[in-house]
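> Just need the structure, nothing else, for what follows:
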Amino acid sequence: MKARQRDAERRAGAPDGDECARAARRNSARVAGAAALAAGALVAALAAPVQAQAAPANAVPDLPGVPADVQGLRGLQGPVVTYPTESPRDYPAGEVCTFPTHTEFPVSDLRMRTWTDSAGTPVVAIEDGPLLMKVTNVDSGRSIVRDISGTGVITYPTPDSYILSGNDWSAGFHTADRPVHNKWIVASTFMSVKVTTVGGGTSRELLALSGPYEDICTTLS
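Prediction:
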């Protein structure tokens, strides 16, 4: 009787118990497959790197010495690129060191990028490039060569002054400079110096100095 009922059900198109089980398994597989695809898509989306928003082409680089208020400053013009040169110079005895010195630059290939405000007034500049400095004690004839190819950041706090900050650069402090004077510092890690020119006279003020450094006056004495 039951066998005939199953035959009648198959002829009538009604699924028997085995077919119901197979259909349930197929539906379960389809649901599981869809869930796996969805989970895989979610994992892929979570694993994909977040694309950082590109900085504007004229953005000021984030370097030591660049003021925080300049980083997000809008409306800056530039950068204007120039190529400054370093010329030989002589200091008499007592000007920087106790002995007379002669300085020249066997390698000088500097680049300066300057950003200005809408009126064309400099706001910040960055100077970099190869620079070798040769300093000679004129009395003894002894010379040294130092690589000062660092990166310098220049800001302009007032119309008659600027601040130069950076690594691997050199500054000579003259007799009239305060508080540091009569030193010729080559800083490897970081140095910041304010240079002020008033009435034709220039003074230098050491603002910060960190890490190892050399005093050329001591080295050549």
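
> Phi and psi next, for L220.
phi -90, psi 0 (degrees, to the nearest 10).

> What residue, apart from its backbone neighbours, is nearest it spatially?
Leaving aside its chain neighbours, L220 sits nearest to N137 (4.2 Å; criterion: CB to CB, 6 or more residues apart in numbering). Placement of C-beta: from N, CA and C, glycine included.

> So that neighbour sits against V96, correct?
No - look at N137 against V96 with CB atoms under 8 Å: they stay out of range, at 11.5 Å.

> So which residues of the protein form strands?
77-82, 89-91, 101-108, 111-116, 122-128, 131-137, 143-147, 152-158, 161-166, 169-173, 183-187, 190-198, 201-210, 213-215 (DSSP state E).

> so which of those comes closest to L63?
strand 152-158 (5.4 Å; CB to CB).

> Neighbour count: N137 and V96, which is higher?
The residue with more neighbours, out of N137 and V96, is V96; 24 against 20, by other CB atoms under 10 Å.

> Could you pull up the residues touching the closest residue to the more buried one other than its chain neighbours?
Here the nearest residue to V96 in space, its sequence neighbours aside, is G172; by CB to CB, 6+ apart that works out to 4.4 Å. Counting by CB atoms under 8 Å, 6 or more residues apart in numbering, G172 touches 91, 96, 183-185, 204.

> per-residue confidence at G172?
You'll see G172 listed with a pLDDT of 97.

> from here on, count from 846
Sure thing, new numbering starts at 846, so read that last one as G1017.

> For P924, see how far away it is.
In this structure, G1017 and P924 are 28 Å apart, going by CB to CB, to the nearest Å.

> F944 now?
To P924, F944 is 40 Å away according to CB to CB.

> likewise R958?
Using CB to CB, R958 is found at 4 Å from P924.

> Find the residues that touch each one of these two.
Both R958 and P924 are contacted by 970-971, under the criterion CB under 8 Å, 6+ apart.

> give the contact list for the residue nearest to L1065.
Counted by CB under 8 Å, 6+ apart, N982 has contacts 942, 944-946, 988, 1065-1066.

> ok, 10 Å please
Neighbouring residues of N982 by CB atoms under 10 Å, 6 or more residues apart in numbering: 942-947, 988-989, 1061-1062, 1064-1066.

> Kindly report the same for W1029.
Contacts of W1029 (CB under 10 Å, 6+ apart): 936, 941-942, 946, 948, 980, 1015-1019, 1059-1065.

> Please indicate which of those are buried?
936, 941-942, 946, 948, 980, 1015-1019, 1061-1062, 1065 (16 or more other CB atoms under 10 Å).

> Can you tell me which of the residues you listed is closest to S1006?
For these, with S1006 as the reference and CB to CB as the criterion, the closest is A1016, at 14.5 Å.

> for that closest one, which residues make a bridge with it?
Beta-bridge partners for A1016, by DSSP bridges, are I1030.

> Check T1047 too.
Beta-bridge pairing for T1047 (DSSP bridges): T1042.

> isn't it right next to F1018, touching?
No - if you go by CB atoms under 10 Å, T1047 and F1018 don't touch, sitting 11.6 Å apart.

> Quickly note the distance from T946 to Q922.
Distance from T946 to Q922, by CB to CB: 39 Å.

> hang on, the earlier thing: quick one: the strands of the chain as JSON lines, columns for distance to P906 too.
Putting the strands of the chain into JSON lines (distance: least, CB to CB, whole Å) gives the following:
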{"stretch": "strand 922-927", "distance to P906": "10"}
{"stretch": "strand 934-936", "distance to P906": "30"}
{"stretch": "strand 946-953", "distance to P906": "22"}
{"stretch": "strand 956-961", "distance to P906": "9"}
{"stretch": "strand 967-973", "distance to P906": "7"}
{"stretch": "strand 976-982", "distance to P906": "19"}
{"stretch": "strand 988-992", "distance to P906": "22"}
{"stretch": "strand 997-1003", "distance to P906": "9"}
{"stretch": "strand 1006-1011", "distance to P906": "12"}
{"stretch": "strand 1014-1018", "distance to P906": "17"}
{"stretch": "strand 1028-1032", "distance to P906": "20"}
{"stretch": "strand 1035-1043", "distance to P906": "16"}
{"stretch": "strand 1046-1055", "distance to P906": "19"}
{"stretch": "strand 1058-1060", "distance to P906": "24"}
